[in-house]
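[1] only geometry, no sequence info:
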Ligand SMILES: Cc1ncc(C[n+]2csc(CCOP(=O)(O)OP(=O)(O)O)c2C)c(N)n1
Ligand SMILES: [Mg+2]
């Protein structure tokens, strides 16, 4: 916290991080509204509260690194460069969606951004991440794989199998655990024998660390360092980002298993206003600029909703396309 | 008889069996403190305590495997898979272990366990969360498969499942949880496995269905009645054991049959049922058996496309009219 922001990144990049977090929050809150209106259906898992992880981590990656994630992934796709309009259209099930309306909220994908998908089977992404890394190394590419997952996912066999392989075959995977303390209603101590998730890599001889996932700069710095290490050594590394989701597990979860005092405490640690304070305090941005950032994001999200509303539904014939390619 | 929801009927069955037999225990993801993703286990932790009602890590293969071990050692576990889609992560324990242990060890052990799993499509949950996998379990010898359509069946079949000495895949339909019906209060109300239920009598055509497809078939039958077509609706209730006698007798009587399945058409249970009908009463049929199935595609999210993938009342009505107009 003592380190001055400017010593880490130039002003425009700091502002960019702020913009991204604000855009993600605005996007997710708009999703909640559209879900209530019935325009978005199915499961909707919102990321509000965890923005510092997606923004900080993604900023530390190279443009051609692979990113793979779970179902709470709209912001991860957006900070990677996905067009919010096409993401929103996907959630509406429209033909203009990022997956033509076939994937939905939990299954965003864009190979041009090397965003290799959101998966709804908890732990499904681990072996796939290992395979992406294998291919990258086989093809002598510089890229690494950033694999995002939750605290609940580490009890799947795929986590342990994937980590072991990545170390055994010396594959460049950076594991980023977003520990928000809950897998639906089950608190991490009630599901993990060792709840300090970063420590669980010792069985695979994989270095790891824990970082404050509510602090975008802390995430950025940790991921920057780890990603370089992974790239240089072609070996896996794990970061456990401590974070919190402000909403229920999904829109259908009232979240009664968390005391409201607990939620309030974490809301004081909201990564967005806290980063704003630092930007102001260090003279990197004035209030008018920050206000402008919010207005721009809100306008961008409103435009995304409008685009989704006005977009056509997929043609019926589309139902048979893409089963085989 | 009191009216209750399918969810409450299941809940009651669990409670009654847990009261009746202290060897009945239940576990799964979020079943205890959270009372289940679909609230089927509501009140269980409060009544039976954490020794018998347990939350587990997200480790499906182990959720099932631990039940196998516990059942071999004298308990009667009811394991919940949050949804049937995750049974695919437990297929090793289900098929390689659970289904074979009695036979492979020459019947020297019983395996009284139940795996409860909600499933089915229609809520825009996308390709990985909308599957109808009933045929997968029906395919393997050594597993009983229950697919209740009504609250009463849900209660009676779950109680039978828990009392059975064999492992049961108990497949609940997510869109039926809120459906209501009369449910017998008698705690000894148990529905034996392997008995179809003729849910509606008719003379022109037999509709064979299960789970939510039975509900749709009954709606289709009411519509068709207005047009003078009399449908007999045979609800399978269990896919394994499969009571072919009942639907064969019905098909022989009406001379026409439509099978409705939510699963994928290719190698779906509809093919098995059609084949049983052909094998046993081909000479009585007036028209080829028609199959109404889920489309052979992974489920698309978009509600417009999703609707095309799941049998609807309209598709059943159309299929019945088709067999009525066909002839051998
Ligand atoms: C294999 C599998 N089992 C269960 C589920 C149901 N489920 C969806 S999310 C979830 C909790 C995951 O928690 P965590 O990994 O901490 O991610 P978070 O939701 O907190 O982002 C569960 C149990 C699933 N989708 N896939
Ligand atoms: Mg979590």
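    Yes, it's here. Quick caveat: nothing in here was measured; it's all calculated off a predicted structure. Ligands and ions are numbered 1, 2, ... in the order given.

[2] do you know how far the residue in the stretch 101-250 of chain A that ligand 1 sits nearest to is from residue A:178?
    With distances taken as CB to the nearest ligand atom, the stretch 101-250 of chain A approaches ligand 1 most closely at residue A:150, which sits 2.3 Å away. Yep, even glycine has a C-beta here, placed from its N, CA and C like the rest. Residue A:150 sits 6 Å away from residue A:178 when distances are taken as CB to CB, to the nearest Å.

[3] would you state the strands of the stretch 201-328 of chain B in chain order?
    Remark: strands assigned in the stretch 201-328 of chain B by DSSP state E, counting those that start in this stretch are B:205-209, B:231-235, B:238-240, B:257-264, B:290-294.

[4] where does the stretch 1-150 of chain A dip in pLDDT?
    Judged against pLDDT under 70, the low-scoring parts of the stretch 1-150 of chain A cover residues A:1-2.

[5] what about the strands in it?
    Counting by DSSP E, counting those that start in this stretch, the segments of the stretch 1-150 of chain A that form strands are A:66-69, A:115-118, A:145-150.

[6] with the stretch 51-200 of chain B instead?
    With DSSP E, counting those that start in this stretch, the ranges of strands along the stretch 51-200 of chain B come out as B:53-55, B:76-80, B:114-119, B:144-146, B:168-173, B:180-182, B:197-200.

[7] how about CSV for the ones you listed, with distance to ligand 2, mean neighbour count and mean pLDDT added?
    Formatted as CSV, the strands of the stretch 51-200 of chain B follow (distance: least, CB to the ion, whole Å; neighbours: other CB atoms under 10 Å in any protein chain shown; pLDDT from 0 to 100):
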stretch, distance to ligand 2, mean neighbour count, mean pLDDT
strand B:53-55, 14, 21, 98
strand B:76-80, 20, 27, 98
strand B:114-119, 22, 26, 98
strand B:144-146, 33, 25, 98
strand B:168-173, 26, 26, 98
strand B:180-182, 35, 15, 98
strand B:197-200, 43, 18, 98
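
[8] output those strands in CSV; the columns should cover distance to residue B:213.
    Conversion of these to CSV gives the following (distance: least, CB to CB, whole Å):
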stretch, distance to residue B:213
strand B:53-55, 32
strand B:76-80, 23
strand B:114-119, 13
strand B:144-146, 14
strand B:168-173, 9
strand B:180-182, 16
strand B:197-200, 11
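
[9] number of residues surrounding residue B:162?
    Applying the criterion other CB atoms under 10 Å in any protein chain shown, we find 26 residues in the vicinity of residue B:162.

[10] ok, it touching residue B:24?
    Yes: checked against CB atoms under 8 Å, the pair residue B:162 and residue B:24 is within contact range at 6.0 Å.

[11] where does residue A:180 fall, phi/psi-wise?
    With angles defined as degrees, to the nearest 10, residue A:180 sits at phi -100, psi 20.

[12] report the residue ranges of every domain in chain B.
    B:3-182, B:197-325 (automatic domain parsing).

[13] what's the burial count for the residue lying closest to residue A:161 once chain neighbours are set aside?
    Spatial nearest neighbour of residue A:161, chain neighbours left out: residue A:127 (6.8 Å); criterion: CB to CB, 6 or more residues apart in numbering or on different chains. Summarising burial for residue A:127: neighbours were counted as other CB under 10 Å, giving 16.

[14] now do the same contact list for residue A:127.
    Listed by CB atoms under 8 Å, 6 or more residues apart in numbering or on different chains, the contact partners of residue A:127 are A:158, A:161-162, A:165.

[15] please redo it, this time with the cut-off set to 7 Å
    Residue A:127 is in contact with A:158, A:161-162, counting by CB atoms under 7 Å, 6 or more residues apart in numbering or on different chains.

[16] just the buried positions in stretch B:227-240, please.
    Of the residues in stretch B:227-240, those with enough neighbours to count as buried (16 or more other CB atoms under 10 Å in any protein chain shown) are B:229, B:231-240.

[17] mind putting those into CSV with pLDDT and distance to residue B:250?
    Shown next, in CSV, are these (pLDDT from 0 to 100; distance: CB to CB, whole Å):
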residue, pLDDT, distance to residue B:250
B:229, 98, 15
B:231, 98, 10
B:232, 99, 5
B:233, 99, 9
B:234, 99, 5
B:235, 99, 11
B:236, 98, 12
B:237, 98, 14
B:238, 98, 17
B:239, 98, 17
B:240, 98, 19
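
[18] ok so, going back, so which of the domains of chain B is nearest ligand 1?
    The minimum distance between ligand 1 and the domains of chain B falls on domain B:3-182, with 4.2 Å, by CB to the nearest ligand atom.

[19] which residue ranges of the chain form helices?
    If you meant another chain, say so; for now it's chain A. Ranges of helices in chain A, per DSSP state H, are A:11-36, A:51-59, A:74-79, A:84-92, A:125-138, A:157-168, A:216-233, A:260-267, A:271-281, A:287-310.

[20] ah, no, chain B please
    With DSSP H, the ranges of helices along chain B come out as B:6-20, B:44-48, B:60-72, B:91, B:101-104, B:134-139, B:151-163, B:211-226, B:244-254, B:269-281, B:303-309, B:313-325.

[21] most tightly packed of the ones you listed?
    helix B:151-163 (a mean of 25; mean count of other CB atoms under 10 Å in any protein chain shown).

[22] follow-up on the earlier one: what's the neighbour count on the residue of the stretch 101-250 of chain A closest to ligand 1?
    Neighbours of residue A:150 under the rule other CB under 10 Å: 27.

[23] next: residue B:268.
    Using other CB under 10 Å, residue B:268 is surrounded by 22 other residues.

[24] quick check, it in contact with residue B:262.
    No: under the criterion of CB atoms under 7 Å, residue B:268 makes no contact with residue B:262, lying 8.9 Å away.
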